[in-house]
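1. Quick one, what's the 3D model for this:
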Amino acid sequence: MKLKFIKFSNVKSTNDEAIKKIKSKKILAGIVYSYSQAKGRGMMGKKWISFNGNLFITIFFELKKNMPNFQEFSTLNPLILKKLLSRYTNLNINIKKPNDLLINNKKVCGILQETYKIEKKLFLIIGIGVNTIISPRSKNVKAISLKECGKGIHNYDILKNLKYKYEKTFFNYKLNRCLL
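-> Predicted coordinates:
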């Protein structure tokens, strides 16, 4: 299975756009990405502060029996992103369970994992926000961007590598367990 890129200039939420695509039954596996996001969300209804130019994406696909389950994905997603984002910094990236990636104890990435069921099919929706260019300032959360602590950042490069990793690993999961 291939993940189709679905590009937007501006959305309320990439997760909401993924759900719309699933409901339409036209695209059942894809990566929604947008230059700007007005109402990004995190776990337990928290708001994800979305600055233009950072990376806002949602990967979605049907969960098949030969794939990891929801709980396994909640462990695997941060590991995959940590490995991928490590290419863009010489600093250590740590996982703050269940869904954040930190550099120097500052949030660089958040993951929101949801499911959506339609006609007995269960879809996994993985919302990912990465501070690639700008880090939000907040009283509640200390944040950092990859640009502040790394090499040249190209959102499309991160997208292509993420797409490749998910397709190679999870759409042939039984054959590729060792690739994680």
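
2. How many residues are close by the spatially closest residue to Asn155 that is not a sequence neighbour?
-> Leaving aside its sequence neighbours, Asn155 sits nearest to Leu55 (Cβ to Cβ, 6 or more residues apart in numbering; 4.7 Å). In this view, the C-beta of every residue, glycine as well, is placed from N, C-alpha and C. Neighbour count for Leu55, taken as other Cβ atoms under 10 Å: 26.

3. again with the one 5 residues further on
-> Burial of Phe60 is recorded as 27 neighbouring residues (other Cβ under 10 Å).

4. wait, doesn't it sit right on Gly30?
-> Yes: using Cβ atoms under 8 Å, Phe60 is in contact with Gly30, at 6.1 Å.

5. and for these two, which residues touch both?
-> 18, 21 (Cβ atoms under 8 Å, 6 or more residues apart in numbering).

6. pLDDT wise, what is the residue nearest to Asn155 at?
-> Looking at Leu55, its pLDDT is 91.

7. got it, and the one 10 residues further on?
-> On the pLDDT scale, Lys65 is placed at 85.

8. give me every residue that touches it.
-> By Cβ under 8 Å, 6+ apart, no residues touch Lys65.

9. And it, how close does it get to Phe170?
-> 13 Å (Cβ to Cβ, to the nearest Å).

10. Then Gly129?
-> Gly129 is 21 Å from Phe170, where distance means Cβ to Cβ.

11. And Arg137, by the same measure?
-> Distance, Arg137 to Phe170, using Cβ to Cβ: 35 Å.

12. Ile93 and Asn104 touch, don't they?
-> No: Ile93 is beyond contact range of Asn104, at 9.8 Å (criterion: Cβ under 8 Å).

13. And those two? Which one has more around it.
-> Ile93 (21 against 13).

14. Mind listing the residues bridging to that one?
-> Ile103 (DSSP bridges).
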